[in-house]
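1. here is a sequence together with a model predicted from it:
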Amino acid sequence: MIRTIALFVSLVVVGSPIATAQQPNRSDLPIPLSPFEGKIGKTYKESQADWQHPPSPPEGAPNVIVILLDDVGFGQMSTFGGLIPTPNFDKLASKGLRFNRFHTTAICGPTRAALLTGRNHHECGNGFLMEWATGFPNYSTMIPKETATVGEVLQDNGYATWWFGKNHNTPDWETTVAGPFDRWPTGLGFDYFYGFNAGETHQYYPVLFENTVAVEPKQTPDQGYHFMADMTDRAVARMKFSKSVAPKKPFFMYFAPGAMHAPHHAPPEWRKKFDGKFDMGWEKYREQVYQRQLAMGIIPDGTKLTLRPDWVPAWDSLSDQQKELYTALMENFAGYFAYTDHEIGRLLDAVNELPDADNTLVIYIAGDNGASAEGGHDGTLNEIRNLNGLTTPIESVLKNLDKLGGPETEPHYPIGWAWAGNTPFQWTKQIASHLGGTRNPMVVSWPAKIKHDDEPRDAFLHVVDVLPTILEAAGVPMPESVNGIKQKPLSGKSFLASFTDLGFQGRSSQYFEIVSNRSMYEDGWKANAHHSFPWRGDYAPGNWDQDEWELYYLPDDFSEAVNLAEKHPEKLAELKAKFDKAAREHQVYPLDDRFAPRIALPKPPVPGFDPKSNTYTYYPGAIRIPEAAAPPVKNRSWTMTSKVKTTGEKAEGVIVGFGGVASGITLYLENGVPVFDYNYFDEHTVLRGDSVLPADEATIVVDFAYEGGEKPGGPATITLTVNDKQVAQKKMDATVPGRFGIDTFGIGEDTGQPVTPNYQPPFEFTGEIESVQFQIN
């Protein structure tokens, strides 16, 4: 009987008609419940019910998927003439449209902020990356409430909204359990988030969050775990679950893999597919891709292939060792890329199984900037070492090539392959002055509305144009206010008309600026000022007035090959003045070309922490604390005091873990004996106790005496003391100068990557931890 009643009630609820109200006012968000149009009497007998209902999207609003890859060059994917097969990107293009004049900001976080908000990156607080934030509103990386995201707008209009993968738009100091969470994805308009809060993550040991809670993968690398597959599984499951429960509710999915950003973690079976495929070297790679691009119509007839710059050595000038290393690193990158395309193919296959697959708009942007030169001249198996301004002898790297692409490495290819990947353009990621940094492939598919055309759309577009295009497709206006806050005008303009109009022209003007590399585009003319180098973290000349400006006319010069500065000085002067005007209007100033010094600047403390305190005290359960919010243990002296209680010989596990495979520190018990390990880019300084801790309370002290003065990365002496007895002391000639890497800080276990190969994570502590205290001197 109970089951019968329950079934009857459910049928009544599901089948009950909901009053059709007039269209809500979508210009002020959030939209309130529909007005009550029933009647309320003294009792239910003389009353008439009327269900109020939340807002729903306009009739026929499409599902929307935005796929954004990381660090991809214009000439890498087969879809745009590259030599890396991307059959699933090809397949999407065969059903939709290719765009060959789409632009990003030249670096990840700013591009993503511009995509999400539809405003230029400086206007939404993301003039550069969160790790390099400074105390100016345009460089704070704090997305202001006046620039609501596409997630917020669609969510408040009745869409389901999900974010998978990379989030590089939450300020570093706000990514802890202390919050605040209003600038996490779930606070930026997304119902669900599964991914990481950083510029990159280890693909085998990712720093994962589900919504705002730290989680760990359910498998290990030995069991076949890879984050790219994991996030795809999650996205497919969420999509199917949503359509099972609410089949008529459209969704917005932001799918942002860590790929192709370093570390380039290619599963071995994918890496092997490219053995010997790049032995021709980077110049011949560019020549082959250039010819393919011409033949495919990706670049117009008459496009010139830009010349090899002096910062890229001729392939024939390299030694056999260099060629062996450089080709291996490129093969690994290609394997990672092909694997990524395969996983995205699984996602798109799942989309095609939906009942409303034809009404699904897919915007696939291959890269948030051009190919990356951050691997330096030789490439690396430990990119964190490179980012700390250090290099590794080639001989040392070659000895470890058997580990390439696996969990013990964090690989990045050399500069030459980045240059090749950006065919036919000059320069690379970070160089916002030139198209090699800013022009990325884009494919758009919408079976219900778009008819395939082999000819690429050549409208000049920018990433800020994506949000208004999505809103127009959904039939939703950009609100004038959100949560009572008046919104800034959009910088972007919809390119929806380009889906049917081959002659659509796009933007007439756009400025570009990243790390003082700057450019101004207007009506086909483009003025460029190159200023800094991605592989020189110490580069901060401060001589902006000495930058040499170049001038190009893009309608006749697709690749920026012919500098017209001397021929048209008046046009160059005009565009320089217009850049200055745009920079003042769009909050670009002050220009800042610092790199390593800038990342070292003090940032706001974690909310609730006393910024004047030099004492950091932690208790069990404090895990997944980002490096920016952890104790500042680089380039200064400090003392770490751990109070524990053990059961004697059987006690083991991590007391403190900070960092990972690339570098870091860990204090742990091994068969009851305390061990401290300082991982200096895979060179381990290990201090070991002389006996098993007694089965009682114990105090373990690590004293780190920095001896480098004001010089970063200087020498230090480390002393290990147990219960007031010095048990070990060692000297280090060099220490980590900048960051340990992409992993985190934690107490009682080593989540993610292990700092040392002597244990497998999480290696939880089997005793009791009272507290761990850092005293920073």
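-> Nice, I can see it.
2. quick one: low-confidence ranges for the chain?
-> The model of the chain has pLDDT under 70 over residues 1-22, 537-540, 648-649.
3. gap between the nearest residue to residue 587 once chain neighbours are set aside and residue 168?
-> Sequence neighbours aside, residue 138 is the residue nearest to residue 587 in space, at 4.0 Å (criterion: Cβ to Cβ, 6 or more residues apart in numbering). All C-beta spots, glycine's among them, are computed from the backbone N, C-alpha and C. Relative to residue 168, residue 138 is positioned 17 Å away (criterion: Cβ to Cβ, to the nearest Å).
4. the more surrounded of the two?
-> Just comparing residue 138 and residue 168: by other Cβ atoms under 10 Å the higher neighbour count belongs to residue 168, 25 against 21.
5. skipping its backbone neighbours, what lies nearest that one in space?
-> If the residues on either side of it in the chain are set aside, residue 168 comes closest to residue 109, at 4.2 Å by Cβ to Cβ, 6+ apart.
6. who are the packing partners of the helix or strand harbouring that neighbour?
-> Following DSSP states H and E, one finds residue 109 within helix 108-117. Helices and strands touching helix 108-117, by 3 or more Cβ pairs under 8 Å, 6 or more residues apart in numbering; DSSP states H and E, are strand 63-68, helix 150-156, helix 466-474.
7. in TSV, list the ones you listed along with distance to residue 533.
-> Converted to TSV, the helices and strands packed on helix 108-117 look like this (distance: least, Cβ to Cβ, whole Å):
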stretch	distance to residue 533
strand 63-68	26
helix 150-156	34
helix 466-474	29
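8. let's have these in CSV, adding mean neighbour count.
-> Supplementary listing: these in CSV, determined by neighbours: other Cβ atoms under 10 Å:
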stretch, mean neighbour count
strand 63-68, 23
helix 150-156, 25
helix 466-474, 22
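9. out of the ones you listed, which comes closest to residue 182?
-> Each of these was scored for nearness to residue 182 using Cβ to Cβ, and the closest is helix 150-156 (10.7 Å).
10. and the contacts of that closest one?
-> The list of residues contacting helix 150-156 from outside it, by Cβ atoms under 8 Å, 6 or more residues apart in numbering, reads 29-31, 55, 57, 64, 115-118, 161, 163, 185, 188-191, 252, 254, 466-467, 470-471, 474, 476, 478-479, 482.
11. C-terminal to it, what's the next element?
-> With secondary structure assigned by DSSP H and E, helix 150-156 is succeeded by strand 160-166.
12. now do the SS call for residue 753.
-> Assigned with DSSP: H, G, I helix; E, B strand; the rest coil, residue 753 falls in the coil class.
13. wait, what's in contact with it?
-> Residue 753 makes contacts with 202, 204, 205, 407, 659, 660, 661, 662, 743, 761, as judged by Cβ under 8 Å, 6+ apart.
14. what is the burial count for the closest residue to it other than its chain neighbours?
-> If the residues on either side of it in the chain are set aside, residue 753 comes closest to residue 660, at 3.0 Å by Cβ to Cβ, 6+ apart. Residues near residue 660, counting by other Cβ under 10 Å, number 27.
15. when you give positions from now on, start the count at 33
-> Got it, the first residue is 33 from now on, which makes the last one we talked about residue 692.
16. and the gap between residue 692 and residue 530?
-> 44 Å.
17. same check, this time on residue 803
-> 60 Å.
18. how about residue 433?
-> Residue 433 sits at a distance of 46 Å from residue 530 (criterion: Cβ to Cβ).
19. more neighbours, these two?
-> More crowded of residue 433 and residue 530, by other Cβ under 10 Å: residue 530, with 22 against 16.
20. hang on, the residue nearest to residue 785 packs against residue 236?
-> No - look at residue 692 against residue 236 with Cβ atoms under 8 Å: they stay out of range, at 10.6 Å.
21. what strand or helix carries the residue nearest to residue 619?
-> Per DSSP H and E, there is no helix or strand for residue 170.
22. for the helix ranked longest in the chain, name the packing helices and strands.
-> Taking DSSP state H as the criterion, the chain has its longest helix at helix 352-384. Packing contacts for helix 352-384, counted by 3+ Cβ pairs under 8 Å, 6+ apart, involve strand 95-100, helix 119-125, helix 259-277, helix 300-303, strand 392-397, helix 426-430, helix 447-453.
23. mean neighbour count, those: which tops it?
-> Across the helices and strands packed on helix 352-384, the average number of neighbours (mean count of other Cβ atoms under 10 Å) peaks for helix 447-453, which reaches a mean of 29.
24. what packs against the helix or strand just after that helix?
-> Per DSSP H and E, the first helix or strand lying C-terminal to helix 447-453 is helix 467-470. Counting contacts by 3+ Cβ pairs under 8 Å, 6+ apart, helix 467-470 is packed against no other helix or strand.
25. export helix 467-470 as CSV, just CAs?
-> Taking only C-alpha atoms (Å, rounded to 0.1, in the frame of the first residue of the first chain), the coordinates of helix 467-470 have been written out as CSV:
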residue,chain,number,x,y,z
LEU,A,467,51.2,35.7,-33.2
GLY,A,468,53.3,32.8,-32.1
GLY,A,469,52.1,33.7,-28.6
THR,A,470,48.5,34.6,-29.3
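26. domain boundaries for the chain, per the record?
-> Domains of the chain are assigned by automatic domain parsing as 95-606, 647-808.
27. most tightly packed of the ones you listed?
-> Among the domains of the chain, the stretch with the highest mean neighbour count (mean count of other Cβ under 10 Å) is domain 95-606, at a mean of 21.
28. still on that earlier bit, need the domains of the chain in CSV (columns: distance to residue 640).
-> Output for the domains of the chain, formatted as CSV (distance: least, Cβ to Cβ, whole Å):
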stretch, distance to residue 640
domain 95-606, 6
domain 647-808, 11
